[in-house]
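Participant: Next comes the sequence, and after it the predicted model I'd like to discuss.
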Amino acid sequence: MLYFSELSGEKVFTSGKHYFGKITDLLFFSTETPLITKFVIKSKGGSSLSIPFQYIKKNGIGYILSDDYKVEEKIDSETSLVHKLLNQQIVDIDGTEVIRVNDVVISDLPDYTISGIDIGILGVFRWVGGAKLVSRLLAGLNIHYKSDFIPWSEIENNELAKGRIVLRSEKEKLKKIHPEDLAEHLEHANIRNVLRALKVMDEKMSARVIADLNVDYQREIFQRFSPENAGNILSLIHSDEAADVLLSLDLQKREEILEHIQKGKKQPIMHLLAHAKTPIGHLLSTECLAIPSDSSVRTALEHVRGDTDGFEELIYVYLINKENQIVGVVNLHELILHKPEEPLYKIMNQNLVLGRLSTPKEILLRRMIKYNIYAIPIVDEKRTLLGIVSLQDINEDMVEN
Amino acid sequence: MNKRWLKSIMIFLGVLGPSMITTMAGNDGAGVITYAAAGAQLGYAALFVLPILTVLYGVTQEMGSRIAIVTGKGLGDLIRERFGVRTAMFVFLVLIIANFGTIVTDVAVLKTASEMLNIPSTPFIIITIAFCFFLVTATKYEKSQKIFLSGIIFYFTYVFAAFMGRPDWGESAKALIIPPESLLSKNYLLVTIAVLGTTITPWGQFFVQSYMKDKNVSIKKLKFAKLEAYIGAFVSNFLTYFIIVTTAATLYVHHIVLDSGDKAALAIKPFAGDLAGLLFAGGLIVAAIIGIVIVSLTSAYAFTEFFGFTGSLDKPYKKGRVFYLNYLLNMVVATILVLTPFFPLFAIVLYTQALNGVLLPLFFFYLLKIVNDRRLMGDHVNGRLYNIFSIGSTIFIAGASIAAVLISIFGF
């Protein structure tokens, strides 16, 4: 991950290593998965050009612009990071001012997405210099600096498009006042927004966005899509993910969509679906550790020592937000390598490989092998961690049967 | 017909506050001693600058109020949002330093004024600062605003003091219109620029906007707020007129040289009587208190606006803790410095005036950028004529303050 303060002002070169300009802003879709779509580069001549991210690659020297680059105008559904997010005030639902966005946290692997915002005082110092000095000073004075990171999932993305930064948790509070109507209303507002954003993306991009979405959104989206459209999109994502999505739909819809899946893709998906009768409930283990993502490495290690005494094994520590949703993972090796003060959100891997109770164990196994991981967290529709299925348990189960 | 008038007046009184308080605070302790010194040095001739000053003051205050009402944001908010962290940090630092200098000056004025009245100065200052803190923390916005507004009544002590000096009213009225012979002399320039610099200040520009923002005035009442800005500028300079007249009629006429303006209360006694001296010193104390409160509040506003911590006068005490702590800290540190023996007060006052002078153009640059930004202001951007006038005034004020700084540093 990186901070926007680190990216802003970075030089961009042509492939011939000539200076082209510097990065001044980023454009992104203010949706559930805030993909950064364009870099705004102030060229040598002084004009601001918005260039799709595909044309810009990072290497040892800096940012390299490929020769066949195109300048594309900002479209309405894109939001400017500098104008709408950075330096703005975050408001709660009453419109009372809370605090300012001092920096934006960007995840750069595999694609550029916004993972959250930094509201801490260190964010200010990162812009004016001296951030390291201040953090060392605070540590020296034994002041425990609470990380002030707000993950994207807590921000109302449809409000942001209107120019206001509103915390989602505040909206959740409202839900408590009128539980039925409001909850339903908000869900609809959100899904419509997701759909609107999907419309302006090409199929490849929307397939990627959909693959990242929560299962309830996925189901919602595919129920609204025509079978043809859904089939096209599912053909673009990995077959095990496609199978997983299809399993969450009812049988009739599933059949309709399958008709429209590309020939080469259909076979492996059908194969995976055939295994769907093998539930994983009995494989689920609750021997896993989940802690808030704003804790420090030190806290995480303390939890490992204190809470996992009776565990058979422990490889990953999962990170959750205030709503108990899983947002990232770190493995023990990474945990030991990093400095104790480091906040976990900074080192965590956000590209989670997740499973659901409806996911067949064959799919889980394939994923573990493909991504080289030893355990997959199983989540419910709200992305709450239910437990894990470990490679070891799947192996044993398969050997036995 | 009568009723409509009455209604308009009621609405105006509802809007009344922010500009009036800001322009009055422009006559703070630092202001009063500068005006007193100007009257003593230049006599009635010092009055010539007042009509121009009133217009300039009204224009700048009006722009600040308008921005606050249209955007609902303070100058600090807008600078941060539009120009980014680095600019905001820089502007914040220079503002807080300049403000601090003004607060120190006002606390020092408190000290000399209390000494003149034979009040033990240390306990007096400590009690006054405590009073200033509770005045703001323990009262709600509406109430503290009323207290500030009633503070204005005390400024009328200067009107009485002026009458006791038996000035030549005809002469003083003429001086407002007829340019003095000494207009282009170095001394005249320096003194009038000091008057300008202590009236139109960066903190005044900041404060009117933040205070107006806190008042949540609806955009429908914009025209009343505009009117208030001009009325505030007029009333504050109306009082300045009497301060200058007081020292002009007494000290200038009798060729008494003041080494600093804060001694004026003592110096006018032989000519205007003990009561006049008493009134003058009393007015000075009120002026210093208003200055301390308003300028400290400005620094607190600036901090919360730039860095986004919740806080303003419109919020309950607990929620705005950072704001009030900031407010208290400014006053306490200034008090400690002034109470420290051998504190180089004169140098601080001089450097503060210079810094305020240099900052003014910088602030006007941001102010004009913001007031002409259609994305923020919509149709309420400056009109063309207004812009020509305000940019012209800005250049005039900037040129004058830079000239004053250069003259006082290099002495040519």
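Facilitator: That came through fine. Everything numeric here is computed off the predicted structure, so don't read it as measured data.
Participant: Let me see the contact set for the closest residue to residue A:298 other than its chain neighbours.
Facilitator: With sequence-adjacent residues excluded and distances taken as C-beta to C-beta, 6 or more residues apart in numbering or on different chains, residue A:298 is closest to residue A:340, at 3.8 Å. The C-beta positions use only the backbone N, C-alpha and C, and glycine is treated the same way. Each residue near residue A:340 by C-beta atoms under 8 Å, 6 or more residues apart in numbering or on different chains is listed here: A:296-298, A:301.
Participant: To what extent is residue A:248 buried, counted in neighbours?
Facilitator: The number of residues packed around residue A:248, counting by other C-beta atoms under 10 Å in any protein chain shown, is 17.
Participant: Now do the contacts for the closest residue to it other than its chain neighbours.
Facilitator: Leaving aside its chain neighbours, residue A:248 sits nearest to residue A:219 (5.0 Å; criterion: C-beta to C-beta, 6+ apart). If you count contacts by C-beta under 8 Å, 6+ apart, residue A:219 has them with A:245, A:248-249.
Participant: so how far is the host helix or strand of residue A:219 off the chain centroid?
Facilitator: Taking DSSP states H and E as the definition, residue A:219 sits inside helix A:215-224. Its chain's C-alpha centre and that of helix A:215-224 lie 18 Å apart, by C-alpha atoms, centre = their mean, to the nearest Å.
Participant: Return it as PDB; C-alpha atoms alone will do.
Facilitator: What follows is helix A:215-224, C-alpha atoms only, in PDB (Å, rounded to 0.1, in the frame of the first residue of the first chain):
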ATOM      1  CA  VAL A 215     -22.100 -12.100  -2.000                       C
ATOM      2  CA  ASP A 216     -25.300 -10.200  -1.300                       C
ATOM      3  CA  TYR A 217     -24.400  -7.600  -3.800                       C
ATOM      4  CA  GLN A 218     -23.300 -10.200  -6.300                       C
ATOM      5  CA  ARG A 219     -26.600 -12.000  -6.000                       C
ATOM      6  CA  GLU A 220     -28.400  -8.700  -6.300                       C
ATOM      7  CA  ILE A 221     -26.500  -7.700  -9.400                       C
ATOM      8  CA  PHE A 222     -26.900 -10.900 -11.200                       C
ATOM      9  CA  GLN A 223     -30.600 -11.000 -10.500                       C
ATOM     10  CA  ARG A 224     -30.900  -7.600 -12.200                       C
END
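Participant: re the thing from before, for the contacts of residue A:340, which single residue is the most surrounded?
Facilitator: Among the contacts of residue A:340, residue A:297 has the most neighbours (other C-beta under 10 Å), with 22 neighbours.
Participant: got a list of what it touches?
Facilitator: Counting by C-beta under 8 Å, 6+ apart, the residues that residue A:297 touches are A:335, A:338-344, A:347.
Participant: rewinding a little: please report the distance of the residue nearest to residue A:248 from residue A:245.
Facilitator: Distance of residue A:219 to residue A:245, given as C-beta to C-beta, to the nearest Å: 8 Å.
Participant: cool, and residue A:234?
Facilitator: Following C-beta to C-beta, the distance that separates residue A:234 from residue A:245 is 7 Å.
Participant: Between those two, which is the more surrounded one?
Facilitator: residue A:234 (28 against 24).
Participant: residue contacts, the more buried one?
Facilitator: Per C-beta under 8 Å, 6+ apart, neighbours of residue A:234: A:207, A:242, A:245-246, A:257, A:261, A:265, A:269.
Participant: Now for the residue of chain B found nearest chain A: which residues touch it?
Facilitator: Nearest to chain A in chain B, going by C-beta to the nearest C-beta, is residue B:308, at a distance of 2.7 Å. Neighbouring residues of residue B:308 by C-beta under 8 Å, 6+ apart: A:89-90, A:97-102, A:119, B:80.
Participant: in chain A, which segments are predicted with low confidence?
Facilitator: Applying pLDDT under 70 to chain A flags the ranges A:60, A:91-98, A:109-110, A:139, A:141-148, A:162, A:168-206, A:208-209, A:211-217, A:275-279.
Participant: Recalculate using a threshold of 50.
Facilitator: For chain A, residues meeting the criterion pLDDT under 50 lie at A:93, A:170-189.
Participant: again with the stretch 251-400 of chain B
Facilitator: Scanning the stretch 251-400 of chain B for pLDDT under 50 picks out B:318-319.
Participant: where exactly do the strands run in it?
Facilitator: Read by DSSP state E, counting those that start in this stretch, the stretch 251-400 of chain B holds no strands at all.
Participant: And the helices in it?
Facilitator: For the stretch 251-400 of chain B, the helices defined by DSSP state H, counting those that start in this stretch cover B:264-272, B:274-307, B:321-339, B:345-371, B:374-377, B:384-410.
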